[in-house]
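S.K.: 3D model of this:
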Amino acid sequence: MKRYVLFAALFASFATLSAAPAFARDTVNYYPLDQALHSEPGKVSDDVALYFAGQHHPAVVKTMGEFATNKKTNAFGKSDLQACQHVFLSAVIELQERARKEGGNAVINIKSNYKNELRESATEYTCGAGAVIAGVALTGEVVTLRK
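M.R.: Numbering: from 1, shown residues only. Okay, here's the model as predicted:
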């Protein structure tokens, strides 16, 4: 009987430790847009213009709607900055692809939306990074702008 009690106590303590939040890291940081947009040259296309919240843009001719992205990437062995820049580019590219699909030529009013917390910035984006995964979520309005 003593053996079963000891086994149960060990199992309970292991279960408690394995579920402890101290082992999971989710560091939320803000990184510069310009640095990220140029971190992997040639990855972001010029055919769909990008305007982040607060940036001025030409007049809107047609609105196709607001769309969201939520991208994750492998962060293992990378710095938070490297992982965040890479996943940010993936999110931006997804917005550009959506604009092409909808027939738009720009995405305006782009905002960070990490864990459903909207953050408007013309200079920074929000990224959450852990030991294994980094993530960026963006929302933006797909439009056709006057040329």
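S.K.: quick one: average pLDDT of stretch 61-76?
M.R.: Stretch 61-76 carries an average pLDDT of 97.
S.K.: ah, wrong one, I meant stretch 40-47
M.R.: pLDDT averaged over stretch 40-47 gives 96.
S.K.: which positions within it qualify as buried?
M.R.: V44 (16 or more other Cβ atoms under 10 Å). C-beta: built from backbone N, CA, C; applies to glycine.
S.K.: before we move on, what about stretch 93-109?
M.R.: 93-96, 98-99, 102, 104-109.
S.K.: can you check stretch 47-57 too?
M.R.: 48-53, 57.
S.K.: now the residues you listed in JSON lines, with secondary structure and distance to F67?
M.R.: Formatted as JSON lines, the buried residues of stretch 47-57 follow (DSSP: H, G, I helix; E, B strand; the rest coil; distance: Cβ to Cβ, whole Å):
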{"residue": "V48", "secondary structure": "coil", "distance to F67": "12"}
{"residue": "A49", "secondary structure": "strand", "distance to F67": "15"}
{"residue": "L50", "secondary structure": "strand", "distance to F67": "13"}
{"residue": "Y51", "secondary structure": "strand", "distance to F67": "14"}
{"residue": "F52", "secondary structure": "strand", "distance to F67": "15"}
{"residue": "A53", "secondary structure": "coil", "distance to F67": "15"}
{"residue": "H57", "secondary structure": "coil", "distance to F67": "17"}
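S.K.: mind putting these into JSON lines with distance to N116?
M.R.: Below are these laid out as JSON lines (distance: Cβ to Cβ, whole Å):
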{"residue": "V48", "distance to N116": "25"}
{"residue": "A49", "distance to N116": "26"}
{"residue": "L50", "distance to N116": "22"}
{"residue": "Y51", "distance to N116": "22"}
{"residue": "F52", "distance to N116": "19"}
{"residue": "A53", "distance to N116": "16"}
{"residue": "H57", "distance to N116": "26"}
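S.K.: how about low-confidence regions in the protein?
M.R.: For the chain, applying pLDDT under 70 flags the ranges 1-23.
S.K.: what are the ranges of the strands in the chain?
M.R.: 27-32, 49-52, 60-74, 106-114, 117-119, 124-129, 133-145 (DSSP state E).
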